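In: Below: sequence and its predicted model.
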Number of protein chains: 2
Amino acid sequence: MKAYRVGEKLRRFYHYYPGTVAVIGVPDPHHGANFMPAVWNAGLSFEPPLFGVAVSPKRHTYAALDAGKPFSVSFFPFEKAELVALLGSVSGREVNKVEAFGLELFWGETLKVPLLKGAFAAYELEPWGRMATGDHTLFVGRVRAVWEDETAFNEDGVPAPDQVAALLYYGRFLYGRPEPETRKLKFR
Amino acid sequence: MKAYRVGEKLRRFYHYYPGTVAVIGVPDPHHGANFMPAVWNAGLSFEPPLFGVAVSPKRHTYAALDAGKPFSVSFFPFEKAELVALLGSVSGREVNKVEAFGLELFWGETLKVPLLKGAFAAYELEPWGRMATGDHTLFVGRVRAVWEDETAFNEDGVPAPDQVAALLYYGRFLYGRPEPETRKLKFR
């Protein structure tokens, strides 16, 4: 491996990719609902169950999150790569994505959040906290409801790739999927 | 999809898996260095380049991060699944992992952080901020140096799976890798 020092900005910041894409859904004052994909996402706590997404203030979705609206995150199979890529290709500031892409949505049962059909799992999230992180803001939500297609998960509740090919994003418009084969490595 | 409401704790919290594993490296007062895998990790900012890892206070590594020590994160190929699983199987409180697993380490050029051989990329991180998130703490580091095996990345700087099979973790001791095939979906 070769090393280099980093100044203000890293030209290529993809070393920790691929990641699963969390499609954020928020109520929208103009379009009813808006959706954007976010690959900078992570679990942050088991108890309470917390999930975070990092969003740039440049994004249309930022306003709803900044205003403390509840939001959803949905996780899609590889078969929906085009839909997810489309959602990331335009801004809700310019386009009503629900109309333009003919999105089939439904609303949360616990919180007033829009969700998309075609996902294999989704969370309804209540705003819990936030952290300004450089040119993004990490919005942390508390999971208040779970939607899941049970057939996508194995007996341990894991999205094993022989059951569902989760959509993976590599950066630079590149999408893929996991191999069906896995290894269980339990040493304790 | 079926929905259910969530109380204090989600029994199964893997819907957003798989993720790449960030192996955190910290200086250790007893063992010289200690390493732990963390799947709750994410990019958080381009400028400055920020990267976050969520760590439970139960972990031995927490003390070093809590004390504001610099740290590293390393990203491994699937071939190193056993090494990564071993690192997660015991605590540095009980075991000197460097000795027990015969780890081959080296030290950062910019920060005093331990790194492991066998990774295809790694960051040297300077403590930048933190956020208490339920039963974990998110530690945010600023990337001060990058290590990379250039052959693992495509011309866009992306770890494309026909060049490197990044180690993926599904939860519950299950590891896998991405399929070599990808799709470029650029609509703008």
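Out: Done, it's in.

In: Surely A:Leu86 is within a helix?
Out: Yes. Assessed by DSSP: H, G, I helix; E, B strand; the rest coil, A:Leu86 belongs to a helix.

In: Could you verify my assumption that it touches B:Phe187?
Out: Yes. Using Cβ atoms under 8 Å, A:Leu86 is in contact with B:Phe187, at 6.0 Å. (C-beta placed from N, C-alpha, C; glycine too.)

In: the more surrounded of those two?
Out: A side-by-side neighbour count of A:Leu86 and B:Phe187, using other Cβ atoms under 10 Å in any protein chain shown, places A:Leu86 first with 20 against 11.

In: pLDDT score for the more buried one?
Out: Note on A:Leu86: pLDDT of 97.

In: what do you get for A:Tyr175?
Out: At A:Tyr175, pLDDT is 98.

In: Might you report the residue contacts of the closest residue to it other than its chain neighbours?
Out: In this structure, A:Tyr175 finds its nearest non-sequential neighbour in A:Ala81, 4.4 Å apart by Cβ to Cβ, 6 or more residues apart in numbering or on different chains. Residues near A:Ala81 by Cβ atoms under 8 Å, 6 or more residues apart in numbering or on different chains: A:167, A:175, B:183, B:185.

In: what do you get if the cut-off is 10 Å, keeping everything else the same?
Out: Each residue near A:Ala81 by Cβ atoms under 10 Å, 6 or more residues apart in numbering or on different chains is listed here: A:21, A:167-169, A:175-177, B:182-183, B:185.

In: Find the helix or strand that it is a member of.
Out: Element membership of A:Ala81 [criterion: DSSP states H and E] is helix A:81-87.

In: That helix: which residues count as buried?
Out: By neighbour count on 16 or more other Cβ atoms under 10 Å in any protein chain shown, the buried set for helix A:81-87 is A:81, A:83-87.

In: List just the nearest of those residues to chain B.
Out: A:Ala85 (3.7 Å; Cβ to the nearest Cβ).

In: Nearest spatial neighbour of the closest one, chain-adjacent residues omitted?
Out: Spatial nearest neighbour of A:Ala85, excluding adjacent residues (Cβ to Cβ, 6+ apart): B:Leu185 at 3.7 Å.

In: My guess is that neighbour contacts A:Phe78. True?
Out: No. Applying Cβ atoms under 10 Å, one finds B:Leu185 not in contact with A:Phe78, separated by 11.3 Å.

In: Now do the strands in chain A.
Out: For chain A, the strands defined by DSSP state E occupy A:2-5, A:19-20, A:22-28, A:32-38, A:41-45, A:50-55, A:71-75, A:105-107, A:114-116, A:121-133, A:136-148, A:168-171, A:174-184.

In: Burial check on A:Glu126, number of neighbours?
Out: 17.

In: do the same with A:Val98
Out: Using other Cβ under 10 Å, A:Val98 is surrounded by 19 other residues.

In: Can you check what pLDDT the model gives it?
Out: In this prediction A:Val98 is given a pLDDT of 96.

In: From chain B, how far off is it?
Out: Per Cβ to the nearest Cβ, to the nearest Å, A:Val98 is found 17 Å from chain B.

In: same check, this time on A:Lys9
Out: From A:Lys9 across to chain B, the span is 4 Å (Cβ to the nearest Cβ).

In: Please apply the same query to A:Gly92.
Out: Distance, A:Gly92 to chain B, using Cβ to the nearest Cβ: 14 Å.

In: Run through the residues that contact A:Leu64.
Out: No Leu there; residue A:64 is Ala. Here A:Ala64 is in contact with A:24-29, A:33-34, A:55, A:70-71, A:92, A:139 (Cβ under 10 Å, 6+ apart).

In: swap in A:Pro159?
Out: Counting by Cβ under 10 Å, 6+ apart, A:Pro159 touches A:20, A:75, A:77, A:120-121, A:148-149, A:152-153, A:165-166, A:178, B:14-18, B:170-171, B:174.

In: State the number of residues packed around A:Leu174.
Out: Neighbour count for A:Leu174, taken as other Cβ under 10 Å: 23.

In: Let's check: the centremost residue of chain A is which one?
Out: A:Ala22 (0.9 Å; Cα atoms, centre = their mean).

In: Surely it touches A:Thr61?
Out: No. Assessed by Cβ under 10 Å, A:Ala22 is found out of contact with A:Thr61, at 11.5 Å.

In: so what sits against both of these two?
Out: A:36, A:38, A:53, A:71.

In: Specify which member of those is nearest to B:Ala160.
Out: Among those, A:Ala38 lies closest to B:Ala160 (Cβ to Cβ), at 21.0 Å.

In: Okay, and the beta partners of A:Ala3?
Out: Note on A:Ala3: beta-bridge partners by DSSP bridges are B:Trp147.

In: Hmm, B:Val113 and it touching each other?
Out: No. Counting by Cβ under 10 Å, A:Ala3 sits too far from B:Val113 to count as a contact (11.7 Å).

In: Mind checking which of these two has more residues around it?
Out: In this view A:Ala3 and B:Val113 are compared by other Cβ under 10 Å, and B:Val113 has more residues nearby, 26 against 15.

In: Please name the nearest non-neighbouring residue to that one.
Out: B:Ser72 (4.1 Å).

In: Quick check: bridge partners of that neighbour?
Out: Beta-bridge pairing of B:Ser72 under DSSP bridges involves B:Gly25, B:Glu124.

In: residues touching it, list them.
Out: B:22-27, B:33, B:35, B:105, B:107-108, B:111, B:113-116, B:119, B:122-125, B:141, B:145, B:147.
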